[in-house]
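> Sequence unavailable; structure follows:
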């Protein structure tokens, strides 16, 4: 049963089909999107390979095609294409249909709380590598994002993150309940949302923030070039 592959298809199918909606016209941003997904994929696939080899998590072959890339199941590699695509699609749809940046007034406060609380949890759980590494990297990603963009996109990012939790809980719930992906609780806090390690919610935030930071950076660069063409 190729259930993990079917979940990947389900994740990207509707966002891809709706990418040609006239109001959002998501396909017009593919030039910035795919480099952002590539950057995200390189980072997270290397991380995934290391954690899989260390036994921090692993995969149930019963639900896989049996095809491996970089010692990871094909489906796991596809995950780093389908999920970022779907998440940035959600981000752009919300930007197109909700004109007001609803969470902008709270963005800086949320970022500060995360950057204080997450490192503290990480420090007291250094041996729990999934917890400590994820929390530290998410803190650093916030610092980098604030350095380059301040809070310009953070309010909209947090809104997209909150909305993405609905499909995230559905898909990740299937992955962890069967399980298709298993976790060694020696390396995490052992706290679960039903079957989902709480760390997964922060891992997903990190993945989304990295992708959107690169995505917005590339779009900003393109916009500057359009308005300030360099004479040849």
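Noted; the coordinates are in hand. Keep in mind that what you see is a predicted model, and the values were worked out from it rather than measured.

> what's the spacing between residue 192 and residue 177?
Taken as CB to CB, to the nearest Å, the spacing of residue 192 relative to residue 177 amounts to 10 Å. All C-beta atoms are positioned from the backbone trio N, CA, C, and that covers glycine.

> now the residue lying closest to residue 79 once chain neighbours are set aside, what's its secondary structure?
What sits nearest to residue 79 in space, not counting adjacent residues and going by CB to CB, 6 or more residues apart in numbering, is residue 8, at 6.3 Å. What DSSP: H, G, I helix; E, B strand; the rest coil gives for residue 8 is helix.

> pLDDT below threshold where in the chain?
225-232 (pLDDT under 70).

> mind listing the strands for it?
All strands of the chain, identified by DSSP state E, fall at 57-59, 68-69, 72-73, 181-183, 192-193, 196-197.

> Residue 192 and residue 177: which has the busier surroundings?
residue 192 (15 against 11; other CB atoms under 10 Å).

> ok, for that one, nearest residue in space, not its chain neighbours?
Going by CB to CB, 6+ apart, residue 192 has residue 198 as its nearest residue, at 6.9 Å.

> I'd say that neighbour and residue 191 touch.
Yes - using CB atoms under 8 Å, residue 198 makes contact with residue 191 at a distance of 4.6 Å.

> Let me know how buried the residue nearest to residue 192 is, in neighbour terms.
If we define neighbours as other CB under 10 Å, then residue 198 has 14 of them.

> Now do it against residue 169, distance only.
Using CB to CB, we find residue 198 at a distance of 12 Å from residue 169.

> Flag every buried residue along stretch 213-227.
Neighbour-count burial for stretch 213-227 flags 213-218 (criterion: 16 or more other CB atoms under 10 Å).

> with those residues in mind, which one is nearest to residue 203?
residue 213 (15.9 Å; CB to CB).

> Pull the contacting residues for the residue lying closest to that closest one once chain neighbours are set aside.
For residue 213, ignoring the flanking residues on the chain, the nearest one in space by CB to CB, 6+ apart is residue 145 at 5.1 Å. Contact partners of residue 145, counting by CB atoms under 8 Å, 6 or more residues apart in numbering, are 153-154, 209, 213.
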